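Asker: What follows is a predicted structure for the sequence shown.
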Amino acid sequence: MNKEFIPYEQALELKELGFNEPCLSFYKTYNGITILTELENDYECSAPLYQQAFRWFRERYLLHHEIACGDNVFWIRYGKNSYTSVLSIDTNNDSYWQTYEEAELACLKKLIEIVKNK
């Protein structure tokens, strides 16, 4: 079930961007180790599900995304109100991912980057 939650680093970035939605779990650091907990007291930041994070980007910033598959690779598209921006293809394979989960995380990072650079 832990893979349903966005990683700690991105959860902190969302918190910095103003994400403050109710969540099922939270990140807490004990003795230098960050864990996922259901206890809502004394936590560092909430741990949103990917679904929650993407909905937040749609509702707050009108940023939409798409993760597509073809020829056994995944790619992402994102943009405001419509899918206006597509990651470019390069020879380093930076724009294609082997799993849906890798593409999903890359898409989340890209949306965070877009909002940070506004």
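Answerer: Happy to help now that I have it.

Asker: rest of the way, CA atoms for contacts and neighbours
Answerer: Will do.

Asker: Report the helix or strand with the lowest average pLDDT across this structure.
Answerer: Using mean pLDDT, DSSP states H and E, the weakest-scoring helix or strand in the chain turns out to be strand 85-86, at a mean of 48.

Asker: shaky segments in the protein?
Answerer: 81-94 (pLDDT under 70).

Asker: hmm, what's the outermost residue in it?
Answerer: Within the chain, the residue lying farthest from the chain centre (Cα atoms, centre = their mean) is Asn31, at 26.0 Å.

Asker: Against which helices or strands is the host helix or strand of Glu104 packed?
Answerer: Taking DSSP states H and E as the criterion, Glu104 maps to helix 100-116. Contacts defined by 3 or more Cα pairs under 8 Å, 6 or more residues apart in numbering; DSSP states H and E place helix 100-116 against helix 8-17, helix 50-61, strand 63-70, strand 73-80.

Asker: Including distance to Leu24, could the ones you listed go into a markdown table?
Answerer: Shown next, in a markdown table, are the helices and strands packed on helix 100-116 (distance: least, Cα to Cα, whole Å):
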| stretch | distance to Leu24 |
| --- | --- |
| helix 8-17 | 13 |
| helix 50-61 | 11 |
| strand 63-70 | 23 |
| strand 73-80 | 27 |
